[in-house]
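J.: quick one, structure for this:
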Amino acid sequence: MIKKINILTIIIFIICLVIISLYIYGNYSGSCYYKDFKDYECDKNFCLIKKIKINIPELYLKKFFDIIDNNELKKRVEINNDIYIDYLFDCALPSKAGSTITTSNIRKTYPEIIDFYQNDLCNIISKNTNIKLKPTPIKYETSCCILVYEKKGDWINWHYDYNYYNGRFFTVLIPLTNKKTCTKFQYKIDNKINQVDLVDESIIFEGNFLYHNASKLCENEIRCILSLQYVTDDSISDLNELRIKIKDIAYTGVF
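T.: Numbers count the residues shown, from 1 in each chain. Below you'll find the model as predicted:
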């Protein structure tokens, strides 16, 4: 009898531990969907996401593709789970596959692109949101980077971005390739899934409030996206400084 009680106690303890672990993971990983963010306020200029037209000058486009064609600059990362389940209840399991050309690799190859990101593009995004923005520090590897989806199944599972900064945090995605592919930018509002092809239009979004993913790429396709990050205040705590460095290692493979 005592042995049965002990076994039952252990089982209950394990179940409680799993539930607590899932709760902590869901709340701090950004993987679980929340239907409503009470502290987010829309205005007439910007609300969660905005589609815009951004024309990259031909001079810069050539340099972008010079970088993309250099396989030595790509950092490929694959984060997969072993249970072949991508989504459980309202939480996505960590899964990502694709290559990143980091800020530092862009900077050492074509530093003028970083200047373009910090000035011309920053002015365009500020004007389209009617918010005074500044680029995130270029010491972080995802401040200005290129996302390359080139193998079947490349994608990023559903998630919220984490805002490491003291100000509002915006991500801008600009397509560099112009052919439609299986992979779309998808986002969920009020349980409805919306999607953007990211072929002839760009997007600005607040990823810490917008639940989003990049759906899986099909065979013999390629999609290249310029990803830019801007903030209203780029100050950051010591703890978040450490967290962003850990994130950069996990998602770009850069130490």
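J.: not counting its neighbours along the chain, what's nearest the residue nearest the centre of the chain?
T.: Residue closest to the average C-alpha location in the chain (C-alpha atoms, centre = their mean): Asp161, at 5.9 Å. Nearest residue to Asp161 in three dimensions, chain neighbours excluded: Gly207, at 3.0 Å (C-beta to C-beta, 6 or more residues apart in numbering). To be clear about C-beta, it is placed using only N, CA and C from the backbone, and glycine gets the same treatment.
J.: for the one you found, give me its contacts.
T.: Shown in contact with Gly207 (C-beta atoms under 8 Å, 6 or more residues apart in numbering): 160-161, 169, 171.
J.: the closest residue to Thr109 other than its chain neighbours and Ile79: what is the separation?
T.: Excluding its sequence neighbours, the residue lying closest to Thr109 (C-beta to C-beta, 6+ apart) is Ile67, at 5.5 Å. From Ile67 over to Ile79 the distance is 24 Å, taken as C-beta to C-beta, to the nearest Å.
J.: the more surrounded of these two?
T.: The residue with more neighbours, out of Ile67 and Ile79, is Ile67; 20 against 13, by other C-beta atoms under 10 Å.
J.: quick one: secondary structure of the more buried one?
T.: helix (DSSP: H, G, I helix; E, B strand; the rest coil).
J.: isn't it up against Arg107?
T.: No: at 10.7 Å, Ile67 does not count as touching Arg107 under the criterion of C-beta atoms under 8 Å.
J.: can you show me the strands along this protein?
T.: In the chain, the strands defined using DSSP state E lie at 49-52, 75-79, 87-88, 91-92, 96-101, 134-135, 144-149, 155-159, 169-175, 185-189, 192-196, 202-205, 211-214, 223-231.
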